[in-house]
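> turn this into a model:
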Amino acid sequence: MTTLQASSIIYTSTSSCRRNCSIEAALHAPKLRQLHLSFPKIQTRNLIEELHMKNGYTTTTTIQQDTKTSTSGRDNDETSNALVVAELYTILESVSDRIEMHANIGEQRNNWNSLLLTSINAITISAATMAGIASIAGTGTSLLALKLSSALLYSAATGMLLVMNKIQPSQLAEEQRNAVRLFKQLRRELETKLSLGNASSMDIKNAMSKILALDKAYPLPLLGGVMLEKFPKTVEPSVWWPQQEEQKQSEGKVGRNGWSQNLENEMRELVRVLGRKDTPEYVRLSKLILKINKVLAISGPLLTGIAALGSTFVGSSSHGSLASAFAIVGGALASVVSTMEHGGQIGMVFEMYRGCAGSFQLLQETIESTLEKQLENRENGEVFEMKVALQLGRSLSELRSLTGSSLSTKVDASEEFASKLL
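You can find the predicted model right below:
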């Protein structure tokens, strides 16, 4: 027991001594002297820029410049878009002003037609009445007065008929009505562009060319050689659209953007039907109406001139009865002819037929120019087909049956017109 106690005491003292010594060593470790190192200040930004410039890398300044460039690019895009919108609004105001001008002038020229017709008929009937009275009035001053009055009235009617037949007020009014309709159509197109917000500089160019083409097709002044020829030597469809630029032939696979090979064949066949039936038919009708108008335009002044000449010989001893017959019958026939020509508005009918032929020719050129474009640049095929069908007054099934029967060898579609609307 004594030995075990002594060994435990020795172990305990030894372990406590080790613990105390380690603690002492930890507590009394020598302190290290702090080193104060001073480094020269380096211009890190300039150094990095120099290193990057030597190694061919772009610096943060370049990134900042790129950011500024992109920001300025967006600003330029916004400025250009705002400029395009402002220009389109300017064009829209000009189109609205033209609509008002053509509407007012069209109403004025329609009034010309009715007022001049009424005045000429009243003058002609009055002259014929005076010639009839002069034939039974005997001799003397009253006979001379009636003869002179009748001759003057017939001469005035002849001059007015010559002017009226030259300008054809009913045809002028129809021109202005067409101009109003087409300018309203252009205004709706511009309003749609502005509402969708996808206007571009090309839209401005197209709108300007359309306005100038309409101004040329339907001029407002009558003097200066600007007025359209009312009795042209050759009858052609009216043209109120700008000349369309040629496009490269489409390439790539068919079937994108709503187009297919069947739809392209359908549109090409429709162009052939329009060129074979509709456009030539309305050109033929225009030529027929023009011939009738020429005959009436020549007959009216000729009859009033004969009546004026006959009224001067009324009451003479030799050929008084024959002269009075010419004066009275000529005046009556002149009234009938002028009523048929201007009351029936033959000039307006001629312009209407010529305008219809122009509508079909425009549709042909639109289809052809669309087919010549790249597929991605075309209007959607389904929308385009619906638009064409509505312009022709047909449903989609009727349009497809027309072109399908025309392509087929079993059914002859040459007797059927493409349009059911006109």
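
> return the distance of the residue nearest to the spatial centre of the chain relative to L421.
With distances taken as C-alpha atoms, centre = their mean, L186 lies nearest the centre of the chain, 4.3 Å away. Relative to L421, L186 is positioned 21 Å away (C-beta to C-beta, to the nearest Å). For every residue, glycine as well, the C-beta is placed using N, CA and C.

> just to revisit the earlier point, helix or strand: which one has the residue nearest to the centre of the chain?
For L186, the element it lies in under DSSP states H and E is helix 169-196.

> report the buried residues of that helix.
Residues of helix 169-196 classed as buried under the neighbour-count rule (16 or more other C-beta atoms under 10 Å) are 169-180, 182-184, 186-187, 189-190, 193-194.

> and it, what does it pack onto?
helix 60-136, helix 201-217, helix 346-372 (3 or more C-beta pairs under 8 Å, 6 or more residues apart in numbering; DSSP states H and E).

> average pLDDT across the first one?
Spelled out, it's helix 60-136. Over the span of helix 60-136, the pLDDT mean works out to 82.

> quick one, it and helix 169-196 angle?
Orientation check (axes from the mean of the first three to the mean of the last three C-alpha atoms, to 10 degrees): helix 60-136 against helix 169-196 gives 160 degrees.

> after helix 60-136, which helix or strand is next?
Sequence-wise, the next helix or strand downstream of helix 60-136 (DSSP H and E) is helix 141-167.

> re earlier: look up how far Q345 lies from the residue nearest to the centre of the chain.
From L186 across to Q345, the span is 26 Å (C-beta to C-beta).

> do the same with S324
Counting by C-beta to C-beta, the gap from S324 to Q345 is 33 Å.

> tell me which of those two has more neighbours.
Using other C-beta atoms under 10 Å as the criterion, S324 and Q345 rank with S324 on top: 24 against 21.

> run through the protein and note the low-pLDDT ranges.
Scanning the chain for pLDDT under 70 picks out 1-79, 137-139, 244-255, 317-320, 405-415.

> what's near enough to touch the residue nearest to the centre of the chain?
Residues near L186 by C-beta atoms under 8 Å, 6 or more residues apart in numbering: 95, 207, 210-211, 214.

> tell me which residues of stretch 265-275 are tucked away?
Across stretch 265-275, burial judged by 16+ other C-beta under 10 Å covers 266-267, 269-271, 273-274.

> stretch 334-354 now?
Burial within stretch 334-354, assessed by neighbour count using 16+ other C-beta under 10 Å, is assigned to 334-339, 341-342, 345-354.

> neighbours around Q243, how many?
Neighbourhood size, Q243 [other C-beta under 10 Å]: 9.

> where does it sit: helix, strand or coil?
Judged by DSSP: H, G, I helix; E, B strand; the rest coil, the three-state class of Q243 is coil.

> can you tell me how far S142 sits from F183?
58 Å.

> can you tell me which of the helices and strands packed on helix 169-196 is packed in deepest?
The highest mean neighbour count among those, using mean count of other C-beta atoms under 10 Å, belongs to helix 346-372: a mean of 21.

> packing partners for it?
helix 169-196, helix 261-273, helix 279-311, helix 381-391.

> just put the ones you listed in JSON lines and tack on distance to S119.
Listed next are the helices and strands packed on helix 346-372 as JSON lines, based on distance: least, C-beta to C-beta, whole Å:
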{"stretch": "helix 169-196", "distance to S119": "12"}
{"stretch": "helix 261-273", "distance to S119": "47"}
{"stretch": "helix 279-311", "distance to S119": "13"}
{"stretch": "helix 381-391", "distance to S119": "41"}
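
> among those helices, which is nearest F231?
helix 279-311 (5.9 Å; C-beta to C-beta).

> list the buried ones in that closest one?
Of all the residues in helix 279-311, those buried under the rule 16+ other C-beta under 10 Å are 279, 281-283, 285-286, 289-290, 293, 296-297, 299-311.

> just the angle for the helix or strand that it is followed by relative to helix 279-311, thanks.
Counting by DSSP H and E, the next helix or strand C-terminal to helix 279-311 is helix 320-338. Helix 320-338 runs at 150 degrees relative to helix 279-311, counting by the same axes, to 10 degrees.

> what about helix 320-338, distance to the chain center?
50 Å (C-alpha atoms, centre = their mean, to the nearest Å).

> same question, stretch 276-291
24 Å.

> which residues sit against that stretch?
Stretch 276-291 is contacted by residues 231-232, 235-237, 346, 349-350, 353-354, 356-357, 360-361, 364, 414, 416-419, 422 when judged by C-beta under 8 Å, 6+ apart.

> ok, 6 Å please
Residues from elsewhere that reach stretch 276-291, judged by C-beta atoms under 6 Å, 6 or more residues apart in numbering: 235, 349-350, 353-354, 356-357, 360-361, 417-419.

> for stretch 302-317, same thing?
Under C-beta under 6 Å, 6+ apart, the answer for stretch 302-317 is 131, 134-135, 143, 147, 150-151, 154-155, 157-158, 319, 323-324, 326-327, 330-331, 333-334.

> if we use 8 Å, what do you get?
Outside stretch 302-317, the residues that touch it by C-beta under 8 Å, 6+ apart are 124, 127-128, 130-131, 134-135, 137-139, 143, 146-147, 150-151, 154-155, 157-158, 161, 319-320, 322-331, 333-334, 337.

> among those residues, name the buried ones.
124, 127-128, 130-131, 134-135, 137, 143, 146-147, 150-151, 154-155, 157-158, 161, 323-331, 333-334, 337.

> which one among the contacts of stretch 276-291 gets closest to Q391?
The nearest member of the contacts of stretch 276-291 to Q391, counting by C-beta to C-beta, is S419 at 8.0 Å.

> need the contact list for that closest one.
By C-beta under 8 Å, 6+ apart, S419 lies in contact with 278, 360, 392-393.

> quick check: ChimeraX command selecting the buried ones in the residues you listed.
Typed into ChimeraX, the next command selects the buried ones out of the contacts of S419 (criterion: 16+ other C-beta under 10 Å):
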select :278,360,392
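
> among the contacts of S419, which one lies nearest to G404?
Proximity of the contacts of S419 to G404, judged by C-beta to C-beta, is greatest for L392, which lies at 15.0 Å.

> contact partners for that closest one?
Neighbours of L392 in contact, by C-beta under 8 Å, 6+ apart: 363, 399, 418-421.

> how about a cut-off of 10 Å?
270, 273-274, 278, 360, 363, 398-399, 402, 417-422 (C-beta atoms under 10 Å, 6 or more residues apart in numbering).

> next one: S96
Shown in contact with S96 (C-beta under 10 Å, 6+ apart): 183-184, 187, 190.
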